[in-house]
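Asks: Quick one, what's the 3D model for this:
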Amino acid sequence: MKRWITVAVLLMGLRALAFDLQGHRGARALAPENTLPAFALALSIGVSTLETDIAITRDGQLVLSHDPALNPDIARGPDGKFLTVRGPVIWLTTLDELQRYDVGRLKPGTRYAGLYPTQRPVDGARIPKLDDLFALVKKSGNKQVRLALETKVTPTAPEETLAPEPFARALIKAIREAGMTERSTILSFDWRTLQVVQREAPEIATVYLTQQQRGFDNVSADKAEASPWTAGFKYSDHGSVPKMIKAAGGRIWSCFFVDLDATKVSEAKALGLTVLAWTVNEPAQIARVMDMGVDGIVSDRPDLVREEMQRRGMVLPAATPTQP
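Replies: So this is what the prediction gives:
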């Protein structure tokens with residue numbers, strides 16, 4: 001008996017030490033983001049985690065969408081034409097209404113399309129429900145792949161989403177009902193939802209997202225007051241992002257890779273945090289970020305991250321050929 005316990009502990013340790021390769025929005029650079037074909041492709045390539053974004057419809061359905069409203073760069077209406085302006089807000093739209101839109105192709109000529117020339121369209125793809133993703137994972141037979149589920153809540157536009165507390169509770173309920181608590185993490189830039197998860201579902205790990213750029217900064221390190229995104233935790237009280245996350249009860253930090261360096265990674269690890277970098281897509285960037293000592297990478301090109309992992313002799317996640 002003792003021998004089997006020892007083996008189990010060793011296996012748990014190996015899993016904990018494994019590099020976390022996350023397919024961002026499935027595999028956004030290769031297939032339409034947050035669609036079942038993108039997640040099936042990521043499973044077929046071989047990732048350790050499927051990363052996606054959660055929105056909630058007017059009739060309470062959890063769906064996969066990065067944007068609170070339909071994005072005209074990826075959405076076509078029932079007439080087959082791309083939207084010319086921002087589409088309906090998902091929180092104000094029913095699931096049936098949402099299913100009328102095709103999100104299987106990038107709008108030609110847009111800056112967004114230019115960023116992902118390798119993406120292959122899948123005409124007819126719809127915004128899936130979270131339950132559809134759970135079903136796909138179960139159908140694949142991959143019992144190790146994890147799910148990173150981001151709550152898309154915006155404190156600066158509260159009218160566009162369900163409030164943080166009921167949003168977090170709805171996601172917790174869905175994860176529990178699917179039997180995926182041990183394989184899921186809940187992540188957010190809006191740390192209020194993470195505080196709810198930590199209080200009410202401690203069995204589900206939380207991931208603290210940060211970005212400190214001119215276009216978007218959810219940390220506000222240059223201000224004395226707390227950022228509206230950080231659930232009352234002030235940078236000025238702690239002096240660094242890792243210390244903020246530690247104070248908030250977090251164990252995992254997912255940082256925009258441009259904001260990371262080896263010193264910050266070392267500090268975070270000394271505090272006992274796991275460090276992920278997002279969204280890292282170019283081979284040189286992937287190698288540089290891995291050299292910092294991060295524990296995982298979130299990427300639109302999980303195939304390129306696998307190539308770098310293979311060059312370094314790292315254990316690769318299982319590839320599970322899967323059809324959507």
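
Asks: any idea how far the helix or strand where residue 268 lies is from the chain center?
Replies: Taking DSSP states H and E as the definition, residue 268 sits inside helix 262-270. Relative to the chain's own centre, helix 262-270 is displaced by 22 Å; criterion: C-alpha atoms, centre = their mean, to the nearest Å.

Asks: Tell me the helices and strands packed up against it.
Replies: Applying 3 or more C-beta pairs under 8 Å, 6 or more residues apart in numbering; DSSP states H and E, one finds that helix 262-270 contacts helix 241-247, strand 274-278. All C-beta spots, glycine's among them, are computed from the backbone N, C-alpha and C.

Asks: need the next SSE after the first one, C-terminal direction.
Replies: Pointing back at helix 241-247 there. Sequence-wise, the next helix or strand downstream of helix 241-247 (DSSP H and E) is strand 252-256.

Asks: which outside residues touch that next one?
Replies: The contact list for strand 252-256, computed with C-beta atoms under 8 Å, 6 or more residues apart in numbering, reads 185, 187, 205-213, 241-242, 245, 264, 268, 273-279, 298.

Asks: Narrow the residues you listed to those that are buried.
Replies: Buried by 16 or more other C-beta atoms under 10 Å: 185, 187, 205-212, 241-242, 245, 264, 268, 273-279, 298, out of the contacts of strand 252-256.

Asks: quick revisit: identify the residues contacting the helix holding residue 268?
Replies: Helix 262-270 is contacted from outside by 240, 241, 242, 245, 253, 255, 275, 291, 292, 293, 294, using C-beta under 8 Å, 6+ apart.

Asks: who are the neighbours in contact with the nearest residue to residue 206 once chain neighbours are set aside?
Replies: Closest residue to residue 206 apart from its sequence neighbours, by C-beta to C-beta, 6 or more residues apart in numbering: residue 194 at 4.3 Å. Counting by C-beta under 8 Å, 6+ apart, residue 194 makes contact with 168, 186, 187, 188, 206, 207, 208, 231, 248, 250.

Asks: Those residues in helices, which ones?
Replies: Those of these mapping onto helices are residue 168, per DSSP state H.

Asks: Can you lay out the contacts of residue 194 as a markdown table showing pLDDT?
Replies: Converted to a markdown table, the contacts of residue 194 look like this (pLDDT from 0 to 100):
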| residue | pLDDT |
| --- | --- |
| 168 | 98 |
| 186 | 98 |
| 187 | 98 |
| 188 | 98 |
| 206 | 98 |
| 207 | 98 |
| 208 | 99 |
| 231 | 98 |
| 248 | 98 |
| 250 | 98 |
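
Asks: could the contacts of residue 194 be laid out in TSV, adding distance to residue 36?
Replies: Shown next, in TSV, are the contacts of residue 194 (distance: C-beta to C-beta, whole Å):
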residue	distance to residue 36
168	25
186	21
187	21
188	23
206	26
207	23
208	28
231	33
248	34
250	31
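
Asks: Averaging pLDDT per element, find the lowest-scoring helix or strand in the protein.
Replies: Lowest by mean pLDDT, DSSP states H and E among the helices and strands of the chain is helix 2-17, with a mean of 37.

Asks: check contacts around residue 49.
Replies: For residue 49, the contact set (C-beta under 8 Å, 6+ apart) comprises 20, 21, 22, 23, 145, 146, 147, 148, 185, 296.

Asks: so which strand or helix has the spatially most central residue of the chain?
Replies: Centroid-nearest residue in the chain: residue 51, 3.7 Å away (criterion: C-alpha atoms, centre = their mean). Element membership for residue 51, per DSSP H and E: strand 49-56.

Asks: quick one: that strand to strand 252-256, angle?
Replies: Here strand 49-56 points in a direction 80 degrees away from that of strand 252-256 (axes from the mean of the first three to the mean of the last three C-alpha atoms, to 10 degrees).

Asks: The very next helix or strand once past strand 49-56: how far from the chain's middle?
Replies: Using DSSP H and E, the helix or strand that follows strand 49-56 in sequence is strand 62-64. Relative to its chain's centre, strand 62-64 lies at 13 Å (C-alpha atoms, centre = their mean).

Asks: Residue 152: what's it in contact with?
Replies: By C-beta under 8 Å, 6+ apart, the residues touching residue 152 are 53, 54, 55, 65, 66, 67, 68, 161.

Asks: measure it to residue 64 for me?
Replies: As for residue 152, its distance to residue 64 is 10 Å (criterion: C-beta to C-beta, to the nearest Å).

Asks: shared neighbours, the two?
Replies: Common neighbours of residue 152 and residue 64 (C-beta under 8 Å, 6+ apart) are 53, 54, 55.

Asks: Name only those of those residues that count as buried.
Replies: The buried subset of the shared contacts of residue 152 and residue 64 - by 16+ other C-beta under 10 Å - is 53, 54, 55.

Asks: need the strands for the stretch 201-324 of the chain, in chain order.
Replies: For the stretch 201-324 of the chain, the strands defined by DSSP state E, counting those that start in this stretch cover 205-210, 252-256, 274-278, 296-299.

Asks: which helices and strands sit right next to the shortest one?
Replies: Counting contacts by 3+ C-beta pairs under 8 Å, 6+ apart, strand 296-299 packs against strand 20-24, strand 274-278, helix 283-291.
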